[in-house]
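Asks: Here is a sequence with its predicted model. Questions after.
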Amino acid sequence: MLLRTEELTKCYGTHRALNSLSMSLDNGTITGFIGPNGAGKTTAMRIMVTLMRPTSGEVYINDEAISKSVMDARKIIGFVPDYFGVYAAMSSEEYLDFYADTNNVPKAGRDELIDSLLALVKLSDKKYSDVNQLSRGMKQRLCLARALLHNPQLLVLDEPASGLDPQSRAELKTILVALRNEGKGILISSHILPELGEFCDRVVIMNKGVKVAEGSVDSISEQLGEKAKITYTLIDDSQFDDAVSIFRMNPHVGEIIRDKMTLEVEFKGDDLASSEMLKRLMLSDIKVSEVSKTRLSLEQVFLEVIGNDGN
Amino acid sequence: MTAIKEFFSNAILRFGMRRRSKRALTLVLLLLPVAGITALLIVIYGTILIFNNVTPSDLSESGTLVFIIIAGIHIGFSMLTALGAAAGEITGEKQRQTMDLLVCSQMSPSKIILGKLTSSCSFILLISCAMLPLYSGLALLGGVTVQMLIATYVSVILFSFFTASVAIFFSTVTKKTAAAEILAFLIIVAVFAIWLILALICELINEFMIEYMSRRTFILAQFSNIPLFIQADPGCFLYMIFRLAVTGFEDTYNYHGFHETFVTLIMTPLQLILISVLCVLGAIKNINPQKSPKNKS
């Protein structure tokens, strides 16, 4: 396991900002870290990247406790905070060169590395531009390139998409997906849930310092007992009644709505149960031209989990 | 050799030095000694022209006096420069929001602080090098010895390191550079003043003892030239080191005796080094998120 936290707790005086957070993240996955303001996401991330010490609990990177070897952990972690700090009068190249120095990146091959990272984040043409003159989206991508300088296995990104325009967000998403495909583990917090839902393999939902759900969006909606919607498009409208009677026999089926040639079925069962239902339709010689299953969106799941407690 | 090489390969030190050397202020500071040399030469030749009967001995005496005044300005200026530079090192990082990026990099907190400390003192090295031609110009007057030059540079290094260490400590505990500068300045003034206050208290007790008991206090009885507590004062150290450089060891020793000479020359630097080391260790602890008390519940 690339990242694992055990009973992570952080208290500020009597206020418990983080309460017994246990979660995990594997190589080659993107985990969304979501929750309303004050949910404890940033606190948890700062503890994971060794910028803060927990009151109790432990973070493990590759099954090694980070409290025992902070410097080793930092070699594996790349961190992109929710702000962008720069020194005055510095070009993108100088910026990356300085942080390469602080991360012990060897001088040999450094120029090539900087060029390749600038190309990855699509900033090759801004190599000699003053960092302060870059747009917010460009700064964010440059910050991501900085975090990748020492080729970390784990990337922790705190609200990287905040304040970005849709095009910049799409570019960021493409880069993150490419990094996941390279085998890096990515933990990303964001409040732009629809986009996060598109590329996150798993999500951890936080509220008031407590983890309220963890897993894929589908599995969380299943845990919540939420109904998926299965839409069947039939070829022959004379078979609608037969199809409805087959659906009614299934205990997982809720409301059925007919719209022209389609039947929209509320379904509470798992994938196996839905495939069983389709098999029954086939066996009854009901001709189906199209089937689609729609789960709840990340936003819907989030709102369902947080309920009325969220902001 | 490897340790020195490793020390100077410190990313923060190299970065800080590079950035400082780019500033326009550097050029101004480097030009100051040149202006000083010009002024000095005008004074020397003006004096010779106006007073034709000036003897080499008079000039030599003036040379010593002018050297001590300029050395005093050099030390004071170095201290202020070190204070200003070091006080803004960590607060500047906090204000730019680059501190977290440094802390979570592979630089240890000690490397960060030592890099910052050395880079803030690098300015002083630059000024000190630029001052050398000025001191050489003073040698034209006579009365300037190598020992005086060594005394000046030892004092510059010691006092600048002390000032920078105190300033960098306060830079780690405050959010604003101005606050760090004020606090560091107050502490430095306190270190200079505390011994004077103690000496004054002792002197008052002494007066009382003489007035009402017709004898001196035990602690003051044996020291005639410098009161006990002033011996540990950094100002007294400056007096002693320059006296040593100007009049020689034998003269100083005969006048002040073993106790005064060695207490002043050894205890004061030790005191300053101890305070500096404590401040540096404190600063290292403060920026280490794994040890910083700020993050403890």
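Replies: Looks like it came in fine. Numbers count the residues shown, from 1 in each chain, chains lettered A, B, ... in the order given.
Asks: Now for A:Leu148, how many residues are close by?
Replies: 21 (other Cβ atoms under 10 Å in any protein chain shown). (C-beta placed from N, C-alpha, C; glycine too.)
Asks: That one reaches A:Gly78, doesn't it?
Replies: Yes: at 5.8 Å, A:Leu148 counts as touching A:Gly78 under the criterion of Cβ atoms under 8 Å.
Asks: between those two, what contacts are shared?
Replies: Residues touching both A:Leu148 and A:Gly78 (Cβ atoms under 8 Å, 6 or more residues apart in numbering or on different chains) are A:Leu155.
Asks: Let me see the contact set for the nearest residue to B:Thr264 once chain neighbours are set aside.
Replies: Using Cβ to Cβ, 6 or more residues apart in numbering or on different chains and skipping the chain neighbours, the partner closest in space to B:Thr264 is B:Met240 (4.3 Å). Contacts here follow Cβ under 8 Å, 6+ apart; on that basis B:Met240 touches B:Thr252, B:His256, B:Glu260, B:Thr261, B:Thr264, B:Leu265.
Asks: May I see the residues you listed organised as TSV, with secondary structure added?
Replies: TSV is the format used below for those (DSSP: H, G, I helix; E, B strand; the rest coil):
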residue	secondary structure
B:Thr252	helix
B:His256	helix
B:Glu260	helix
B:Thr261	helix
B:Thr264	helix
B:Leu265	helix
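Asks: Which of those residues has the largest number of neighbours?
Replies: Taking other Cβ under 10 Å as the neighbour criterion, B:Thr264 ranks highest of the contacts of B:Met240 with 26 neighbours.
Asks: how near is that residue to B:Ile124?
Replies: Distance of B:Thr264 to B:Ile124, computed by Cβ to Cβ, to the nearest Å: 24 Å.
Asks: Likewise for A:Gly197?
Replies: 57 Å.
Asks: Residue 267: what's it in contact with?
Replies: No chain in the question, so chain A it is. Listed by Cβ under 8 Å, 6+ apart, the contact set of A:Phe267 reads A:Lys227, A:Ala228, A:Lys229, A:Ile230, A:His252, A:Val253, A:Gly254, A:Ala273, A:Ser274, A:Met277, A:Lys293.
Asks: um, chain B though
Replies: The contact partners of B:Met267, taken as Cβ under 8 Å, 6+ apart, are B:Gln231, B:Ala232.
Asks: try A:Phe33
Replies: A:Lys41, A:Ala44, A:Met45, A:Leu187, A:Ile188, A:Ser189, A:Val203, A:Val204, A:Met206.
Asks: give me that answer again for 6 Å
Replies: A:Lys41, A:Leu187, A:Ser189, A:Val204 (Cβ atoms under 6 Å, 6 or more residues apart in numbering or on different chains).
Asks: any chance of the contacts of A:Phe267 in TSV, plus distance to B:Ser276?
Replies: Shown next, in TSV, are these (distance: Cβ to Cβ, whole Å):
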residue	distance to B:Ser276
A:Lys227	69
A:Ala228	68
A:Lys229	71
A:Ile230	74
A:His252	74
A:Val253	78
A:Gly254	75
A:Ala273	73
A:Ser274	73
A:Met277	78
A:Lys293	70
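Asks: Go back to those and keep what's next to chain B.
Replies: Among the contacts of A:Phe267, no residue lies close to chain B (Cβ under 6 Å from any Cβ of the partner chain).
Asks: Just give me the closest of those residues to chain B.
Replies: Distance to chain B, by Cβ to the nearest Cβ, is smallest for A:Ala228 among those, at 41.3 Å.
Asks: count of residues packed around the closest one?
Replies: 20.
Asks: likewise A:Glu64?
Replies: 13.
Asks: List the beta-bridge partners for it.
Replies: Counting by DSSP bridges, A:Glu64 forms beta bridges with A:Ile61.
Asks: Near chain A, which residues of chain B are found?
Replies: Neighbours of chain A within chain B, by Cβ under 6 Å from any Cβ: B:11, B:15, B:96-98, B:100-101, B:104-107, B:289-290, B:295, B:297.
Asks: And what about the residue nearest to A:Val210 when sequence neighbours are not counted, helix, strand or coil?
Replies: Closest residue to A:Val210 apart from its sequence neighbours, by Cβ to Cβ, 6+ apart: A:Asn19 at 4.9 Å. Using three-state DSSP, the three-state assignment for A:Asn19 comes out as strand.
Asks: Spit out the contact partners of A:Asn19.
Replies: Residues in contact with A:Asn19, defined by Cβ under 6 Å, 6+ apart, are A:Thr9, A:Gly209, A:Val210.
Asks: cutoff 10 Å now
Replies: Neighbour list for A:Asn19: A:Glu7, A:Leu8, A:Thr9, A:Lys10, A:Cys11, A:Gly40, A:Gly57, A:Met206, A:Lys208, A:Gly209, A:Val210, A:Lys211 [criterion: Cβ atoms under 10 Å, 6 or more residues apart in numbering or on different chains].
Asks: Enumerate every residue touching the fourth one.
Replies: Spelled out, that is A:Lys10. Contacts for A:Lys10 were tallied using Cβ under 10 Å, 6+ apart; they are A:16-19, A:21, A:40, A:43-44, A:46-47, A:52-57, A:209, B:295, B:297.
Asks: packing partners for the longest helix seen in chain B?
Replies: Longest helix in chain B by number of residues (criterion: DSSP state H): helix B:56-96. Here helix B:56-96 touches helix B:11-22, helix B:24-50, helix B:99-103, helix B:109-138, helix B:146-173, helix B:177-213, helix B:234-247, helix B:268-287, going by 3 or more Cβ pairs under 10 Å, 6 or more residues apart in numbering or on different chains; DSSP states H and E.
Asks: my guess is A:Lys260 contacts A:Thr231, does it?
Replies: No: A:Lys260 is not in contact with A:Thr231 according to Cβ atoms under 10 Å; the separation is 11.5 Å.
Asks: neighbour count winner among these two?
Replies: Using other Cβ under 10 Å, the more surrounded residue of A:Lys260 and A:Thr231 is A:Thr231, with 15 against 8.
Asks: who has more neighbours, A:Gly197 and B:Ile124?
Replies: B:Ile124 (24 against 20).
Asks: which residues sit in contact with the more buried one?
Replies: B:Ile124 makes contact with B:29, B:74, B:77-79, B:81-82, B:85, B:156-157, B:159-161, B:163-164, according to Cβ under 10 Å, 6+ apart.
Asks: Okay then, goodbye and thanks.
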